[in-house]
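Asks: give me a 3D structure for the following:
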Amino acid sequence: MIKVNGETIDIDQLLLKDFLSQHGYAPQHIAVEINGEIVPKSQYETKLLMSGDTLEIVRFVGGG
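Replies: Numbers count the residues shown, from 1 in each chain. Just a heads-up that it's a prediction; the model follows:
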């Protein structure tokens, strides 16, 4: 199980890029923090999510 923005989600090991795709996140419009550390976009394809991880996903919103 992992926590994403405070919500518990049941997953086994999964690549971050696959998790984002499955949950409808567009990588170019978000920032991801795992266990208190920001993950560079260059690591989305290799970062493995593990049980116990805590993610914060922030979407960029434009406006004026």
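Asks: Lys3 touches Ile9, doesn't it?
Replies: Yes - when contacts are counted by C-beta atoms under 8 Å, Lys3 is listed as touching Ile9 (7.4 Å). Where you see a C-beta, it was placed from the backbone N, CA and C, and this is true even at glycine.
Asks: roughly how far apart are the spatially most central residue of the chain and Asp10?
Replies: Nearest to the mean C-alpha position of the chain, counting by C-alpha atoms, centre = their mean, stands Val32 at 5.0 Å. Counting by C-beta to C-beta, to the nearest Å, the separation of Val32 from Asp10 is 19 Å.
Asks: ok, now Pro40?
Replies: In this structure, Pro40 and Asp10 are 27 Å apart, going by C-beta to C-beta.
Asks: please apply the same query to Ala26.
Replies: 24 Å.
Asks: those two: who's more crowded?
Replies: Ala26 (10 against 7; other C-beta atoms under 10 Å).
Asks: so for the helix or strand encompassing Ile57, what gets flagged as buried?
Replies: Using DSSP states H and E, Ile57 sits within strand 54-59. Applying a neighbour-count criterion of 16 or more other C-beta atoms under 10 Å, one finds Leu55 buried in strand 54-59.
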